[in-house]
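Asks: Fold the following, please.
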Amino acid sequence: MGTSLMRRVRRMAGMVVIAAVVVSCGREVPLAPRSQVSDVGGSAKLLGGLLGSLVSCQPLPEAQASGWIGRDGGTLRVGPHTFTVPAGALDRPVFIRADAPSGHVNLVQFEPQGLRFERPASLTMSFANCSLLVRLLPQIAYVDDSQNILNFIPSLANLLSRTVTGQVQHFSGYAVAYRR
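Replies: As a prediction, this is how the structure comes out:
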């Protein structure tokens, strides 16, 4: 392939990625409180199905990580996933636990449930073990205990490293997913 053609292909691929990120950022769905989600029964599952789907993956070994993170921020690595709290996101030290259960979905559950951050933390999740069509850009979805998609968080995929990074405002469960 000629150098000129290769540059055009790279430029077009970059524009496709940028367009997908711009389009996905404008379609955020309002978050429902956990108590309302329980009350609607099958509606959360239907909403998740309309919004997107969790990505099917080869199971990874179960992984856990925990530690104290305070005003200076910090990082937890749970299996192939990384959670980073920036300085100033917490006003006091908090003992944080992350659990990535083994299963056909790349999922990380955080405690203490409902913890909120003054500044967004970042969660980078691997999808290297997942079957993903090239045309689909994965995102990180906020999920309930039954793995129903409740919302998508602002995310950016890196197809070369096969990771997706999203901004986390509060603790709950998060999984690799894609929008329909």
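Asks: contact partners of stretch 64-71?
Replies: 74, 76-78, 83, 85, 87-88, 90-100 (CB atoms under 8 Å, 6 or more residues apart in numbering). Yep, even glycine has a C-beta here, placed from its N, CA and C like the rest.
Asks: In it, which residues are buried?
Replies: Going by neighbour count (16 or more other CB atoms under 10 Å), the buried part of stretch 64-71 is 65, 69.
Asks: can you check stretch 171-180 too?
Replies: Going by neighbour count (16+ other CB under 10 Å), the buried part of stretch 171-180 is 171-179.
Asks: From Ser122, how far off is Leu156?
Replies: Leu156 is 10 Å from Ser122, where distance means CB to CB, to the nearest Å.
Asks: did I read that right, Leu123 in a helix?
Replies: No - per DSSP: H, G, I helix; E, B strand; the rest coil, Leu123 lies outside any helix segment and is strand.
Asks: If I look at it, what pLDDT would I see?
Replies: Leu123 carries a pLDDT value of 98.
Asks: cool, and the one 3 residues further on?
Replies: According to the model's per-residue confidence, Ser126 sits at a pLDDT of 95.
Asks: in the sheet, who's paired with it?
Replies: Thr163 (DSSP bridges).
Asks: got it, and Gly74?
Replies: With DSSP bridges as the rule, Gly74 is bridged to Val85.
Asks: Contact partners for it?
Replies: Neighbouring residues of Gly74 by CB under 8 Å, 6+ apart: 67-68, 84-85.
Asks: about what we covered before: among the buried residues of stretch 171-180, which lie within strands?
Replies: Assigned to strands by DSSP state E, the following of the buried residues of stretch 171-180 qualify: 173-179.
Asks: any idea which of the buried residues of stretch 171-180 is closest to Glu111?
Replies: For those, the closest approach to Glu111 (CB to CB) belongs to Phe171, at 6.7 Å.
Asks: Surely that closest one and Leu123 touch.
Replies: No - applying CB atoms under 8 Å, one finds Phe171 not in contact with Leu123, separated by 10.3 Å.
Asks: pLDDT wise, what is Leu159 at?
Replies: Looking at Leu159, its pLDDT stands at 88.
Asks: swap that for Asp145, please
Replies: 89.
Asks: Now do the contacts for it.
Replies: Gly173.
Asks: need the helices for the protein, in chain order.
Replies: 3-25, 34-39, 43-51 (DSSP state H).
Asks: Thank you, goodbye.
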